[in-house]
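Chemist: dropping the sequence and predicted coords here.
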Amino acid sequence: MKAIIATFYACVLLLCLTAGGLAQTKATATGTTPARPLTPLPVNHGGKIELKYDGFSRETIVKLKQMNVTCGATKGMQGAFKSACISLVASLHCPGHQIDYVRYAKLQLIFETKDWEARHPLGERDLIVIADGERLKLGTMQLNTQGGESGFIDDKATEVLEISFPYQTFLKIARAGTVEMAVGKSVFLLRDKNIAAFRDMNNRIKF
């Protein structure tokens, strides 16, 4: 009798485990599993991310400090110039003392080159991003006359362009496997480390 009861409970337990597994599989297939933070790429991105409250703008900012993108041949205004260096600064802006809701994102692109003629004139500042093949028009970047975080170097032309855009657009960029950016005629790819840093920024947000 004890053996029969033990066998009965073992069968019930097996059925419960099987049903639970099937339910989990169905939930995953139908997309009903809860959303999770973006998973960082398997790379040590090396970027510096800070969280601070700005009392003037009354917002909490998650900021990726200046990070190198590329320093080599880049398509510029007059073709490829080998001395171009591009870096970026990115930030997520949350209203008030909280990091549960992001109002908008901001991106700065810093161009440094010894070719003073390779800067972007007013008509060459539209930013286009291609994230995993999806073309995103972010709008026209503005010239930051204060020089951003890189400052100005005597023997180099330093140009800092910036733009604000919706947080959902930032998510598309952070979720992508490959990201290409174009400002006017300057075209370049983000490195895996840059994308990983964007994901790390997003993972600082509490949902």
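Modeler: Structure's in. What do you need? Numbering: from 1, shown residues only.
Chemist: in this protein, which helix or strand is least confident?
Modeler: Within the chain, no helix or strand scores below helix 2-29, which has a mean of 45 by mean pLDDT, DSSP states H and E.
Chemist: next SSE downstream of it?
Modeler: strand 49-54 (DSSP states H and E).
Chemist: which residues sit against stretch 167-183?
Modeler: For stretch 167-183, contacts defined as C-beta atoms under 8 Å, 6 or more residues apart in numbering pick out 38, 90, 92, 102-105, 109, 120, 124-132, 134, 136, 138, 141, 161, 187-190, 194-195, 198-199, 201-202. C-beta: built from backbone N, CA, C; applies to glycine.
Chemist: low pLDDT regions in this protein?
Modeler: For the chain, the stretches with pLDDT under 70 are 1-43, 72-83, 115-119, 145-156, 207.
Chemist: please enumerate the helices of it.
Modeler: Along the chain, counting by DSSP state H, helices occupy 2-29, 167-175, 192-203.
Chemist: OK, contacts around C71?
Modeler: C71 makes contact with A84, C85, I86 under the criterion C-beta under 8 Å, 6+ apart.
Chemist: got the contact list for the second one?
Modeler: So the one you mean is C85. Taking C-beta under 8 Å, 6+ apart, we find C85 in contact with N68, T70, C71, F111, E112, T113.
Chemist: try 7 Å
Modeler: Contacts for C85 (C-beta atoms under 7 Å, 6 or more residues apart in numbering) come out as C71, E112.
Chemist: quick check: bridge partners of it?
Modeler: When assigned by DSSP bridges, C85 has beta-bridge partners C71, E112.
Chemist: could you pull out the buried residues of stretch 196-206?
Modeler: By 16 or more other C-beta atoms under 10 Å, the buried positions in stretch 196-206 come out as A196, A197, F198, R199, D200, M201, N202, N203, I205.
Chemist: closest one to H97 out of the residues you listed, please.
Modeler: Nearest to H97 among these: I205, at 14.1 Å, using C-beta to C-beta.
Chemist: excluding chain neighbours, what is closest to the closest one?
Modeler: Using C-beta to C-beta, 6 or more residues apart in numbering and skipping the chain neighbours, the partner closest in space to I205 is I99 (5.4 Å).
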